[in-house]
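>>> Pasting the sequence and the predicted coordinates here, then a few questions.
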Amino acid sequence: MSDTLVVRGARLYDGRGLDAIDEAVLVAQDGRVMYAGPAGGARGFDALPDAVDAAGRTLIPGLIDAHVHLCSNGSPDFAADAQSLSAQQARDRCAEAALRALEAGITTVRDLGGVGSATVEAARAQASGALKGARILTSVQVLTVPGGHAHFIGREIASVGEMVKAIQSLHEAGATVIKLVATGGVLTPGIGAQQSSFPPEQLHAAVEEAHRLGLRAAAHAIGAEGIAAAVDAGVDSIEHGCFLSDPVIGEMIGNPTWLVATLSAPERIASGGNEAPQYAVDKSLEVMTAQRGSFRRALDLGTRIASGTDAGTPYNLHGGLSHELKLMHESGMGLERILMSATRDAAQLLGLGDIGSLEAGKIADFVLLDGDPLTDVGAYARVALVVQNGRIVIDRR
């Protein structure tokens, strides 16, 4: 029983959208869930003297942040900061950010744009046990048009041939997702946030090659035209999605294409302080209201939505998923759907069938909260215990 962890007495939400189980028992062995449910079904495991007493707390699956930038730390000037980093500084940032995420109950993150090879090195270090932090999926670098948004951390692509070769190269380097910059952005000077970038043939080639290699394709897409082109090309997720139209939402539902809204990103820039570049503040104000409206409309029409923060962008610190979930709630998402978006649904987006819910045989990633997130969205900020791969990694009890 040395590799067995037992938690008893908590209110359990197992991530399958079912009703809560009070005074539940969870048994993890060799990093996997053996049992999660009513105490009567635990076959004696709950009687072990070293069981974690979770009475009065809520047990949920490990949280997932589906959009982060581990090499960035919330510096007010994202572009200048990213261009100033040495390779070692980028590696150090990744380690710090992955740990901060874990401390917030986030057991898995998806990095959508790093500096050099730092994020894939961090992903490998975390997987080997050399780095304590959230599990990392990574795009390694972004793909953008010459001089386009985020060109300072990306690979600049000017043809279908270059696109295919770049995706093959990123796959060989260890990428587990491809990030396509389909429009302008808030954080690159001299580029409109809504302007389109890649022509349709390059987007179609990118998605086709990514899928051929078994990779998901995520599209940074703010403006309506770029969003429509990315959805038509078959990307797996739209990141930000500030100017969504009903016809495009309908196509997203039919594909299906996920939405990762990152409501925190422009909100943090607009309210964070006076050190961010004025162009970033102006563009954040330009997109923020439309983004909230697009989120509500996508939600109302039935779009698949997963949680993501864009952590690392100005004033947007790693581990801030609880704030994103609060903004999603304020924008109309119900509390049960919020829990699903940050656990089961995000795992589906990432293609990770072994996490996202607490079922027998799945990886034992889970969090104890002080409070009930289905009555108080603020409970996500009160993390008492974090378990990753069946081991206690953060303990604040």
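Sure, I can see it.
>>> What spatial separation is found between the residue lying closest to residue 361 once chain neighbours are set aside and residue 363?
Closest residue to residue 361 apart from its sequence neighbours, by CB to CB, 6 or more residues apart in numbering: residue 32 at 6.0 Å. C-betas here are computed from N, CA, C, even on glycine. The spacing between residue 32 and residue 363, counted by CB to CB, to the nearest Å, is 6 Å.
>>> between those two, which one's more packed in?
Neighbour comparison, residue 32 and residue 363: the larger count goes to residue 363, with 24 against 16 (by other CB atoms under 10 Å).
>>> quick revisit: quick check, the residue nearest to residue 361 in contact with residue 390.
Yes - taking contacts as CB atoms under 8 Å, residue 32 lies within contact range of residue 390: 6.6 Å.
>>> Please give the centre-to-centre distance between stretch 36-45 and its chain.
Mean-position distance between stretch 36-45 and its chain equals 32 Å (CA atoms, centre = their mean, to the nearest Å).
>>> show me where the chain has helices.
78-84, 87-103, 118-128, 160-173, 200-212, 224-233, 246-254, 264-271, 278-301, 321-330, 335-341, 344-350 (DSSP state H).
>>> what would the ones you listed look like in CSV with mean neighbour count, distance to residue 110 and mean pLDDT?
CSV is the format used below for the helices of the chain (neighbours: other CB atoms under 10 Å; distance: least, CB to CB, whole Å; pLDDT from 0 to 100):
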stretch, mean neighbour count, distance to residue 110, mean pLDDT
helix 78-84, 18, 18, 97
helix 87-103, 21, 11, 99
helix 118-128, 21, 10, 98
helix 160-173, 17, 14, 99
helix 200-212, 19, 14, 99
helix 224-233, 23, 17, 98
helix 246-254, 16, 19, 98
helix 264-271, 23, 15, 97
helix 278-301, 18, 19, 98
helix 321-330, 21, 12, 99
helix 335-341, 21, 14, 97
helix 344-350, 24, 6, 99
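>>> Now do the contacts for residue 297.
244, 246, 249 (CB atoms under 8 Å, 6 or more residues apart in numbering).
>>> could you dump those to CSV with distance to residue 334?
Shown next, in CSV, are these (distance: CB to CB, whole Å):
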residue, distance to residue 334
244, 20
246, 21
249, 19
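>>> which ones are touching the residue nearest in space to the middle of the chain?
Geometric centre of the chain, nearest residue: residue 66, 1.3 Å, by CA atoms, centre = their mean. Residue 66 is in contact with 109-110, 237, 260, 306-308, 346, 349-350, counting by CB under 8 Å, 6+ apart.
>>> Which one (most neighbours) among those residues?
For the contacts of residue 66, counting by other CB under 10 Å, the largest number of neighbours falls to residue 109: 35 neighbours.
>>> what's the closest of the contacts of residue 297 to residue 377?
residue 244 (23.5 Å; CB to CB).
>>> Nearest spatial neighbour of that closest one, chain-adjacent residues omitted?
In space, residue 244 is closest to residue 294, 3.9 Å off (CB to CB, 6+ apart).
>>> Could you do residue 233 as well?
residue 203 (3.7 Å).
>>> Make sure the one you found is actually in contact with residue 181.
No - with contact defined as CB under 8 Å, residue 203 does not reach residue 181; the gap is 10.6 Å.
>>> Between these two, which contacts overlap?
Contacts common to residue 203 and residue 181, judged by CB under 8 Å, 6+ apart, are residue 219.
>>> hang on, the earlier thing: so what sits against both of residue 32 and residue 390?
By CB under 8 Å, 6+ apart, the residues touching both residue 32 and residue 390 are 363-364.
>>> hmm, back to that, ok, the residue nearest to residue 233 - contacts?
180, 182, 219, 229-230, 232-233, 235.
>>> Please identify which pair of the residues you listed lies farthest apart.
180 and 232 (12.9 Å).
>>> residues in contact with the closest residue to residue 341 other than its chain neighbours?
Counting by CB to CB, 6+ apart, residue 341 lies nearest to residue 307, which is 4.7 Å off, once chain neighbours are set aside. Residue 307 sits next to 63-66, 260, 321, 324-325, 328, 338, 341-342, 345-346 when contact means CB under 8 Å, 6+ apart.
>>> Could you verify my assumption that residue 187 touches residue 316?
No - taking contacts as CB under 8 Å, residue 187 lies outside contact range of residue 316: 10.7 Å.
>>> ok, the residue nearest to residue 361 - contacts?
Contacts of residue 32 by CB under 8 Å, 6+ apart are 361-364, 390.
>>> about what we covered before: what separation is there between the residue nearest to the centre of the chain and residue 56?
30 Å.
>>> burial count for residue 76?
Residue 76 has 18 neighbours, counted by other CB under 10 Å.
>>> wait, residue 193
24.
>>> any idea how far it lies from residue 186?
With CB to CB as the criterion, residue 193 and residue 186 are 5 Å apart.
>>> So what sits opposite residue 138 in the bridge?
Using DSSP bridges, the bridge partners assigned to residue 138 are residue 111.
>>> pretty sure it is in contact with residue 115, am I right?
No - judged on CB under 8 Å, residue 138 makes no contact with residue 115 at a distance of 11.5 Å.
>>> quick one: which of these two has more around it?
Comparing residue 138 with residue 115 by other CB under 10 Å, the one with more neighbours is residue 138, at 29 against 26.
>>> C-alpha coordinates for stretch 306-323, PDB please?
Only the C-alpha atoms of stretch 306-323 are listed here, as PDB (Å, rounded to 0.1, in the frame of the first residue of the first chain):
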ATOM      1  CA  ALA A 306     -12.500  25.100 -22.700                       C
ATOM      2  CA  SER A 307     -10.800  27.300 -20.100                       C
ATOM      3  CA  GLY A 308      -7.600  29.200 -20.800                       C
ATOM      4  CA  THR A 309      -6.000  32.400 -19.500                       C
ATOM      5  CA  ASP A 310      -3.300  33.500 -21.900                       C
ATOM      6  CA  ALA A 311      -1.100  33.600 -18.700                       C
ATOM      7  CA  GLY A 312       2.200  35.400 -19.100                       C
ATOM      8  CA  THR A 313       0.700  38.300 -21.000                       C
ATOM      9  CA  PRO A 314       0.800  41.700 -19.300                       C
ATOM     10  CA  TYR A 315      -0.400  41.600 -15.700                       C
ATOM     11  CA  ASN A 316      -1.800  38.100 -16.300                       C
ATOM     12  CA  LEU A 317       0.200  35.900 -13.900                       C
ATOM     13  CA  HIS A 318       0.500  32.200 -14.100                       C
ATOM     14  CA  GLY A 319      -1.800  30.300 -11.800                       C
ATOM     15  CA  GLY A 320      -4.600  32.800 -12.400                       C
ATOM     16  CA  LEU A 321      -7.200  30.400 -13.800                       C
ATOM     17  CA  SER A 322      -9.600  31.200 -10.900                       C
ATOM     18  CA  HIS A 323      -9.900  34.700 -12.200                       C
END
